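**Student:** missing the sequence, but the structure's below:
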């Protein structure tokens, strides 16, 4: 038998943590003496190591407790795959941030304002367009966007409807809501298609983003477009929207092309 101190030292876990695990039923001592001293067995090393491993992978303590209470290797594989995807996404985000930092460092060394942009805003006259889509309150992240677009294309396939252009996303909120944004994803379809709606044809301010879907890049475009609209005595008359000209899993994110539109009038 091992005292709590010995078990703590061997497993690199504090006594406070072990007491907490005992309180929540995650890892109970094998024996508690009359004087309250906790004792563990060498057989519990494996459980402690598994707890530490899963915690390092991003599992919450309730998730770990659920697995220990009902071990299911197939379910664990599924959950590990989910954690792996989240970690990979975080790694890719960190790599993008490091590249951005490197570019900013280089600009600053050359006395260039890192907030300067080369965004060109212009006006276009769009013709009326019929679109078929799905409008939901969703979290603003690529995964939820992807799921919504999958639903749209599944709907088109089930009704044998041919899209007449690239996918689009309309933003109906007045302000930004990370977890519950009012977003509509849609694709152009033939006029009169059941369930479709008509996007009014009118003057639009537009700018193009080349590169991955990063919040800072979209903020720069929106800021520049709003500034241009104000300086040219226009005002927005409807929800802005994106047209994904080039993108998808088969395209390198640095080659993505997204057009952003703002319906405007004097």
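**Tutor:** Perfect, I can see it now. Because the structure is a prediction, the values reported are computed rather than measured.

**Student:** what about the helices in the stretch 101-250 of the chain?
**Tutor:** Counting by DSSP state H, counting those that start in this stretch, the stretch 101-250 of the chain has helices at residues 142-158, 215-231.

**Student:** residue 182 versus residue 27, what's the distance?
**Tutor:** 45 Å (CB to CB, to the nearest Å). (Each C-beta comes from the backbone N, C-alpha and C, glycine too.)

**Student:** who's more crowded, those two?
**Tutor:** A direct count of neighbours by other CB atoms under 10 Å for residue 27 and residue 182 places residue 27 higher, at 23 against 15.

**Student:** right, and the more buried one touches residue 51 too?
**Tutor:** Yes - assessed by CB atoms under 8 Å, residue 27 is found in contact with residue 51 at 6.3 Å.

**Student:** now the common contact residues for the two.
**Tutor:** Residues within reach of residue 27 and of residue 51 at once, by CB atoms under 8 Å, 6 or more residues apart in numbering, are residue 21.

**Student:** if we can go back for a sec, any chance of the helices of the stretch 101-250 of the chain in CSV, with mean pLDDT, mean neighbour count and distance to residue 202 too?
**Tutor:** Converted to CSV, the helices of the stretch 101-250 of the chain look like this (pLDDT from 0 to 100; neighbours: other CB atoms under 10 Å; distance: least, CB to CB, whole Å):
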stretch, mean pLDDT, mean neighbour count, distance to residue 202
helix 142-158, 86, 14, 24
helix 215-231, 88, 15, 14
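
**Student:** need the ones you listed in TSV with distance to residue 128, can you?
**Tutor:** Converted to TSV, those look like this (distance: least, CB to CB, whole Å):
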stretch	distance to residue 128
helix 142-158	20
helix 215-231	22
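
**Student:** those: which one's closest to residue 120?
**Tutor:** Proximity to residue 120, assessed across the helices of the stretch 101-250 of the chain by CB to CB, is greatest for helix 215-231 (8.7 Å).

**Student:** and that closest one, what other elements does it pack with?
**Tutor:** strand 203-210, strand 257-265 (3 or more CB pairs under 8 Å, 6 or more residues apart in numbering; DSSP states H and E).

**Student:** got those strands as JSON lines, with distance to residue 2 and mean pLDDT columns?
**Tutor:** Formatted as JSON lines, these follow (distance: least, CB to CB, whole Å; pLDDT from 0 to 100):
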{"stretch": "strand 203-210", "distance to residue 2": "59", "mean pLDDT": "93"}
{"stretch": "strand 257-265", "distance to residue 2": "59", "mean pLDDT": "93"}
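
**Student:** export these to a markdown table and tack on distance to residue 132 and mean neighbour count?
**Tutor:** Below are the helices and strands packed on helix 215-231 laid out as a markdown table (distance: least, CB to CB, whole Å; neighbours: other CB atoms under 10 Å):
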| stretch | distance to residue 132 | mean neighbour count |
| --- | --- | --- |
| strand 203-210 | 20 | 18 |
| strand 257-265 | 18 | 20 |
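
**Student:** out of those strands, flag the one nearest residue 160.
**Tutor:** Comparison of those against residue 160 by CB to CB identifies strand 257-265 as nearest, at 28.0 Å.

**Student:** what's in contact with that closest one?
**Tutor:** So strand 257-265 is contacted by 123-124, 126, 200, 202-210, 213, 218, 221-222, 225-226, 229, 234-247 (CB under 8 Å, 6+ apart).

**Student:** buried stuff in stretch 103-118?
**Tutor:** By 16 or more other CB atoms under 10 Å, stretch 103-118 has no buried positions at all.

**Student:** ok, residues contacting it?
**Tutor:** The contact list for stretch 103-118 (CB under 8 Å, 6+ apart) reads 220, 224.

**Student:** redo that, cut-off 10 Å
**Tutor:** Residues from elsewhere that reach stretch 103-118 (CB atoms under 10 Å, 6 or more residues apart in numbering): 100, 101, 207, 217, 220, 221, 223, 224.
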